[in-house]
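> Coordinates for the following, if possible.
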Amino acid sequence: MNEYIPFTDEQKHQANTVDLEDFLLRRGERLIPSGHDKRLASDHSVTIRGSEWFDHETRQGGHAIDFVRMHEGCSFQEAVTKLLNGEQGQAFRPAKERKSEPPKSFALPPVHHSMRRVYAYLMKQRHIDRDIITHFARAGTLYEDAEYHNAVFVGTDEHGVPRHAQKRSTNSQGKAFKLNVEGSDARYSFHHLGMDGELYIFEAPIDLLSYLTLYSADWQRHSYVACCGTSYEPVRWMLTQMASPETAYLCLDSDQAGQRVSVRMAELIHTEFGIPTQRLTPELKDWNEDLCTLQDIPNRGPKMRME
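Model prediction:
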């Protein structure tokens, strides 16, 4: 049994207001920018900002102490001790006081008059099929923004009104980025609503387009959604929009984070909709890696694992 340590209220407050970005980086965790937040590379469903965290799958969140207990599987006493002791004798910095911000209204980035850079990026660097790109461009759910020439992947609601957008840089040099537009409603991410009962679920729009390029036969009959992360909300919304959902295919990355999210989503889908799920995993880390590798190896067909 761990020794009980009677922490003072001041010590508990100090531990609970530790900056989680500082805590995680100094313990070797890789973080991915996600708007104003940072997303854990080891678990894409979890975002942090300052001393606060939120799990978009379980809809749970809190401050530093609860995060350390969840992330490292330790007791309250152990979590407070880790947060107070710092790393290698240096205390973790406190999080800056977070000012309350009014929710921002959603607005699409201005549209560029052409899609030359987006076509070049998606076809030459990502090897996406031109006809697939054109389908979504004509539907108004993929375009090039006027200011920075990013690819913009648009999600619409049941009335066809844009409610979500993710920007993806198209530069061939420098650091790439992807970012959800502020005010986006997570339910309505980038998708295609088909006619049959099959739903294919992806983490990112590039993965979705890569899969369609690899397995293009009669693709428009099925439904597809890119969660633009690992939120379950767009999956739930898509299943409510389908006339008669029959099977959900979990096509997330083949890493540990993808496996963990797939298990969680499968449970939620079964509980809420009572339909079977099947996991389809790329041969490499994600579907675009599979597609790009396929382009470099002549006479090789696409492969996937079914679990």
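> Going along the chain, name the strands of the stretch 201-307 of the chain.
According to DSSP state E, counting those that start in this stretch, the stretch 201-307 of the chain carries its strands in the segments 223-226, 247-250, 277-282, 304-306.
> among the ones you listed, which is the most enclosed?
Most buried of the strands of the stretch 201-307 of the chain by mean neighbour count (mean count of other C-beta atoms under 10 Å) is strand 223-226; its value is a mean of 24. In this view, the C-beta of every residue, glycine as well, is placed from N, C-alpha and C.
> Which residue ranges of this structure form helices?
Using DSSP state H, the helices found in the chain span residues 9-16, 20-25, 64-72, 76-85, 116-120, 130-138, 205-214, 233-241, 256-273, 287-296.
> Redo those helices as a markdown table? Include mean pLDDT.
Output for the helices of the chain, formatted as a markdown table (pLDDT from 0 to 100):
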| stretch | mean pLDDT |
| --- | --- |
| helix 9-16 | 89 |
| helix 20-25 | 90 |
| helix 64-72 | 89 |
| helix 76-85 | 86 |
| helix 116-120 | 97 |
| helix 130-138 | 98 |
| helix 205-214 | 97 |
| helix 233-241 | 96 |
| helix 256-273 | 92 |
| helix 287-296 | 90 |
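> okay, those helices in TSV with distance to Asp43 next?
Converted to TSV, the helices of the chain look like this (distance: least, C-beta to C-beta, whole Å):
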stretch	distance to Asp43
helix 9-16	21
helix 20-25	11
helix 64-72	8
helix 76-85	17
helix 116-120	30
helix 130-138	29
helix 205-214	18
helix 233-241	17
helix 256-273	5
helix 287-296	20
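> Out of the ones you listed, which one sits most buried?
Looking across the helices of the chain with neighbours counted as mean count of other C-beta under 10 Å, the highest average goes to helix 205-214: a mean of 26.
> now what about that one, what contacts it?
Contacts to helix 205-214, defined as C-beta atoms under 8 Å, 6 or more residues apart in numbering, come from residues 122, 126-129, 132-133, 136, 153, 166, 168, 190, 200, 202, 219, 224-226, 228, 251, 253, 286-288, 290-291, 294, 302.
> The helices of the chain: which one's closest to Pro94?
Nearest of the helices of the chain to Pro94, taken as C-beta to C-beta: helix 9-16 at 7.3 Å.
> List of residues touching that closest one?
Residues from elsewhere that reach helix 9-16 (C-beta under 8 Å, 6+ apart): Phe7, Ser51, His63, Ala64, Ile65, Ala79, Val80, Leu83, Leu84, Pro94.
> Which residue is the nearest non-sequential neighbour of the residue most central in space within the chain?
Nearest to the mean C-alpha position of the chain, by C-alpha atoms, centre = their mean, lies Gly229 at 1.0 Å. Spatial nearest neighbour of Gly229, excluding adjacent residues (C-beta to C-beta, 6 or more residues apart in numbering): His44 at 6.0 Å.
> what's around that neighbour, how many residues?
Here the number of neighbours of His44 (other C-beta atoms under 10 Å) works out to 25.
> got it, and the one 4 residues further on?
One way to gauge burial is a neighbour count; for Ile48, by other C-beta under 10 Å, it gives 25.
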